[in-house]
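Asks: pasting the sequence and the predicted model now:
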Amino acid sequence: MPGPADCSTTSGELGKALHCRADTVPGLDGLTYSILSHVGDCGSERLLDLLNLSWFEGQLPRSWKTAVIHLIPKPHDPTAMHPISILSCVAKTAERDVRAHFTWRLGPLDPRIYAYHPGRSATNCLASFLGVLRGGQGMAVFLDLEKAFNLANPLAIQAALAALGVRGRLLSWVRDFFLNCTVGIRFQGTISSSWQGHPTGEHIEPFTF
């Protein structure tokens, strides 16, 4: 019998994952959070079926792993571009749902970690630090790890999760999450027709229900 970490997603959990999500630039499928929140009962059932199918199969649709890169000019140097990766809102909803499965299996994040906690930011971290000083003096060390996420080793991540006891569907989904990720570039309204990262470099059609 599957444990809580391997159970399917319920309609209530899906609603929680979509609740009060501000619209962002949509991914390749063109779906925003406001669209996903107003698809009606039938649309919600189809979305829930899709998330659970991905969960039970341990596979993600290719479009969920496709990032569209938008090049944004830097304020102080318009000739330099800052790349922003845009992912599908459906994919990010699925990721939030899987994060809940991780919480079931591994417990909540350490309270001393200020990232990835709803309602927390760097401001909370600085406020806590100043509270510890209580008007006195202290020293802080700030480390900026360049390209930390890009250089993270997927196999090492999976091995660490397995060592923590992550098994079954949860580990299978995470394993597939890292496979065949692709990126394309959108610039001045035009999007590239081939996608770096996929073995064939083929054109990827937008995902539809």
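Replies: That came in fine, so what should we check first? Numbers count the residues shown, from 1 in each chain.

Asks: so the residue located most distally from the centre of the chain, which state does it fall into?
Replies: Going by Cα atoms, centre = their mean, the residue of the chain most distant from its centre is Gly136, 39.4 Å out. Secondary structure, DSSP: H, G, I helix; E, B strand; the rest coil: Gly136 is coil.

Asks: equivalent analysis for Pro83, please.
Replies: Looking at Pro83 with three-state DSSP, the answer is strand.

Asks: am I right that it is in contact with Ala67?
Replies: No: assessed by Cβ atoms under 8 Å, Pro83 is found out of contact with Ala67, at 9.6 Å. The C-beta positions use only the backbone N, C-alpha and C, and glycine is treated the same way.

Asks: please report how far the residue farthest from the centre of the chain lies from Val90.
Replies: Between Gly136 and Val90 the computed distance is 49 Å (Cβ to Cβ, to the nearest Å).

Asks: mind checking which helix or strand Leu71 is in?
Replies: In this assignment (DSSP states H and E), Leu71 forms part of strand 66-74.

Asks: contact partners of that strand?
Replies: 25, 27-28, 79-88, 181-187, 191, 195, 204 (Cβ atoms under 8 Å, 6 or more residues apart in numbering).

Asks: partner strands of it and their direction?
Replies: strand 77-86 (antiparallel), strand 182-187 (parallel) (DSSP bridges).

Asks: next, the buried residues of that strand.
Replies: Thr66, Ala67, Val68, Ile69, His70 (16 or more other Cβ atoms under 10 Å).

Asks: report the two of the residues you listed separated the most.
Replies: Maximum pairwise distance among those (Cβ to Cβ): 13.6 Å, between Thr66 and His70.
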